[in-house]
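Asker: Sequence below, structure please.
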Amino acid sequence: MKTIKINFCGFWNSFNKEKNFFTKILSKHFVVEISETPDFVICSNRGKPFEYVQYDCVRLIVMGENISPDFTIFDYCIGFDYLTFGDRYFRLPYA
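Answerer: Got it, this is the predicted structure:
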């Protein structure tokens, strides 16, 4: 399997970078390595403002609030709004 390097920013303090929803899904298809020099960074809007700019890689934001994603900053978004942005947006409504 191909190895991908990922990291997370903006999540709550007790967020486990090794064991979570994202690593569980990605591990089915890749060897997942948590890295300070990631290929992909998965962000939440709960952390320090602009924390994600330190990562020069593909940025994915997971929106859990009623905030529209800024596609000039983030490459991809997972959210619950009804948006059309090609393959860069995936709607995942909450139960």
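
Asker: in this structure, which spans are strands?
Answerer: Listed from the start of the chain, the chain has strands (DSSP state E) covering 3-9, 31-34, 40-44, 58-62, 76-79, 89-91.

Asker: Which stretch among the ones you listed is buried most, on average?
Answerer: Between the strands of the chain, strand 40-44 has the highest mean count of neighbours, a mean of 22, where neighbours are mean count of other C-beta atoms under 10 Å. The way it works is simple: take the backbone N, C-alpha and C, and place the C-beta from them, glycine included.

Asker: That strand: how far from the chain's middle?
Answerer: 3 Å (C-alpha atoms, centre = their mean, to the nearest Å).

Asker: now the angle between strand 58-62 and it, please.
Answerer: When axes from the mean of the first three to the mean of the last three C-alpha atoms, to 10 degrees is applied, the directions of strand 40-44 and strand 58-62 differ by 30 degrees.

Asker: And the residue nearest the centre of the protein?
Answerer: Central residue check for the chain by C-alpha atoms, centre = their mean: the C-alpha nearest the mean position is that of residue 42, 2.2 Å away.

Asker: now that residue: how far from residue 84?
Answerer: With distances defined as C-beta to C-beta, to the nearest Å, the gap from residue 42 to residue 84 amounts to 22 Å.

Asker: Can you add distance to residue 18 and give the strands of the chain back as a markdown table?
Answerer: Output for these, formatted as a markdown table (distance: least, C-beta to C-beta, whole Å):
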| stretch | distance to residue 18 |
| --- | --- |
| strand 3-9 | 10 |
| strand 31-34 | 6 |
| strand 40-44 | 13 |
| strand 58-62 | 17 |
| strand 76-79 | 20 |
| strand 89-91 | 23 |
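
Asker: any idea how far residue 82 is from the residue nearest to the centre of the chain?
Answerer: Counting by C-beta to C-beta, the gap between residue 42 and residue 82 amounts to 22 Å.

Asker: follow-up on the earlier one: can you say which of the strands of the chain is nearest to residue 68?
Answerer: Taking C-beta to C-beta, strand 76-79 is the member of the strands of the chain nearest to residue 68, at 8.2 Å.
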